[in-house]
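Participant: Give me a model of this one.
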Amino acid sequence: MSEKEQPQVSRRGFLAGTAAAAAAVAVPAVAQLAAGGPASAATRPNVLLIVTDDNPKQTDWALQKTINWLGGRGVTFTNGHITTPLCAPSRSSVFSGRYAHNHGVRNNGASYSLDQSTTVQRYLKQAGYRTGLFGKYLNSWTLSDNPPHFEEFALLQPGYVDAQWNVNGTVQTINGYTTNIIKNRTLNFLDKAATDTRPWFAYVTPYASHEPNTPAAQYADTVVPNWNGRPSVPENDRSDKPTYVQNATNTLADGKAVRQRQLRTLLSVDDAVQAFKDKLAALGQLNNTLVIYIGDNGFQWADHGLLGKGTPYSPAHEVPFYLSWPAGGLGAGTTDNRIVANIDIAPTILAAAGITPTHSVDGKSLLGSFNRDHILVEWWKQGSAGVKDSWASYVAKNKQYVEYYDLYTDATGKVSGTGQKTFREYYDLVNDPYQLTNKLYQATPADEQALGIPALATQLAADRTS
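Facilitator: Numbering: from 1, shown residues only. Okay, here's the model as predicted:
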């Protein structure tokens, strides 16, 4: 499903809360987990997984409480990515630890292609966890169909006000602002821990900050910091980029407007996260709860003339990513600059719970010292129409290589097309972090050799089938 300039305002409290994280080590901080490994069955952590919608990386101003908690008393991942920058494929990767080419949900229409036996909620429920879902599930999922492996749920038909829900099997309208409803339903779920001694897993997924980015009434007119774009907003000369980018028409004003709305909607998410922290503290469960916060994809604020997601450019697949688990040794306020992604969430949760998955996973537990040198990011066109071809990309810290293909998917995620390469891009992310210069545009074979393109193409081909 889809997707006025304001004066500068002081909302700088988050800076103090993140000072420790900013000054912390830039090594695999999570690898400092105590030698004892994952918690024993008797002390398995609770798990609070918060997945926001279309949440770009540069939204710290609206998330100061979240950052104060999860950054100040946890780990800030500075290189967090989404392996398919589109809602349903990304969320399926969160659940399964798999790339979209392996879990099969290659577009928003293919939600029923996910093998539910591979999901983290299935493993946790089978292991005796109390499981709950509060908010959005998967695009194209029928509202009246109960989400598998969740004992308790309030499943949202995406919307912001007076929306439709499936609450534990009953479809109904619940009046009010959906982020606040999600907050309250989650708090009720957490409250049951006072009498139910089972460890719990809460999957909390507000619609914010997805379009139309409707803020709560209390934040409808909140003044947000002024923003004058970045070098990619707009990019005046896009002749070195694919046709759909050359034809993009969004302006700085468009980017500023959607940014303002997104920040306002995220203020309510920030309030909810603070409420969760307070509840866990009151329950005495703050220490042994593994908390993860991530956006399901990023969002372009008119970068290269584009609004939205689904592109290989950094703002579309870079996301905020935080983790806190004091009982696991992850409560000190550190930064971790490893390349990490949504496919790492399920392996991390299962490792913390002492569960070994029986299906193959592509991600790695963040509790170990694994340190990848690049990540695969991929996206498919749904249907044969449309102006943007399917693509896949090799993303490292210092470079990015992209290939576009004559491929498209049907509603089940099945792939058709010749697979022929239709366009390529290469960016030096050290000297060109805003991806302004495609070094493959008019490059000679000698240029490509110097850039190492043959080896990158070989690795990308291997990643796409791994």
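
Participant: now the strands: where do they sit in the stretch 251-400 of the chain?
Facilitator: 289-295, 300-303, 306-308, 321-324, 334-341, 375-379, 390-395, 399-405 (DSSP state E, counting those that start in this stretch).

Participant: For residue 99, which of those strands is the nearest?
Facilitator: strand 375-379 (6.4 Å; Cβ to Cβ). Backbone N, C-alpha and C define where each C-beta goes, glycine included.

Participant: got the residue ranges for the helices in this structure?
Facilitator: 13-17, 19-23, 64-66, 87-96, 100-103, 120-126, 178-191, 243-246, 252-283, 314-317, 345-352, 445-451, 453-465 (DSSP state H).

Participant: For the shortest one, which helices and strands make contact with it?
Facilitator: Helices and strands touching helix 64-66, as assessed by 3 or more Cβ pairs under 8 Å, 6 or more residues apart in numbering; DSSP states H and E, comprise helix 13-17, helix 252-283.

Participant: Burial-wise, tell me which of the helices of the chain comes out on top.
Facilitator: helix 87-96 (a mean of 28; mean count of other Cβ atoms under 10 Å).

Participant: counting contacts, what elements does it pack onto?
Facilitator: strand 46-52, helix 100-103, helix 120-126, helix 345-352.

Participant: Any chance of the ones you listed in a markdown table with mean pLDDT and distance to residue 189 as columns?
Facilitator: Formatted as a markdown table, the helices and strands packed on helix 87-96 follow (pLDDT from 0 to 100; distance: least, Cβ to Cβ, whole Å):
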| stretch | mean pLDDT | distance to residue 189 |
| --- | --- | --- |
| strand 46-52 | 98 | 10 |
| helix 100-103 | 98 | 26 |
| helix 120-126 | 98 | 14 |
| helix 345-352 | 98 | 17 |
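
Participant: picking that back up, if you average pLDDT over each of the helices and strands packed on helix 64-66, which comes out lowest?
Facilitator: Of all those, mean pLDDT reaches its minimum on helix 13-17 (a mean of 31).

Participant: Could you measure from residue 61 over to residue 462?
Facilitator: Noted for residue 61: a distance of 40 Å to residue 462, by Cβ to Cβ, to the nearest Å.

Participant: for residue 243, same thing?
Facilitator: Noted for residue 243: a distance of 28 Å to residue 462, by Cβ to Cβ.

Participant: Burial check on residue 429, number of neighbours?
Facilitator: By the criterion of other Cβ atoms under 10 Å, residue 429 has 15 neighbours.

Participant: One more: residue 434?
Facilitator: Residues lying near residue 434 (other Cβ under 10 Å) number 17.

Participant: nearest to residue 150, of the strands of the stretch 251-400 of the chain?
Facilitator: Of the strands of the stretch 251-400 of the chain, nearest to residue 150 by Cβ to Cβ is strand 289-295, at 17.2 Å.

Participant: hang on, isn't residue 315 packed against residue 302?
Facilitator: No: if you go by Cβ atoms under 8 Å, residue 315 and residue 302 don't touch, sitting 9.8 Å apart.

Participant: rewinding a little: take the helices and strands packed on helix 87-96 and write them to JSON lines, including distance to residue 339.
Facilitator: JSON lines is the format used below for these (distance: least, Cβ to Cβ, whole Å):
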{"stretch": "strand 46-52", "distance to residue 339": "19"}
{"stretch": "helix 100-103", "distance to residue 339": "18"}
{"stretch": "helix 120-126", "distance to residue 339": "21"}
{"stretch": "helix 345-352", "distance to residue 339": "14"}
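
Participant: No more questions from me, cheers.
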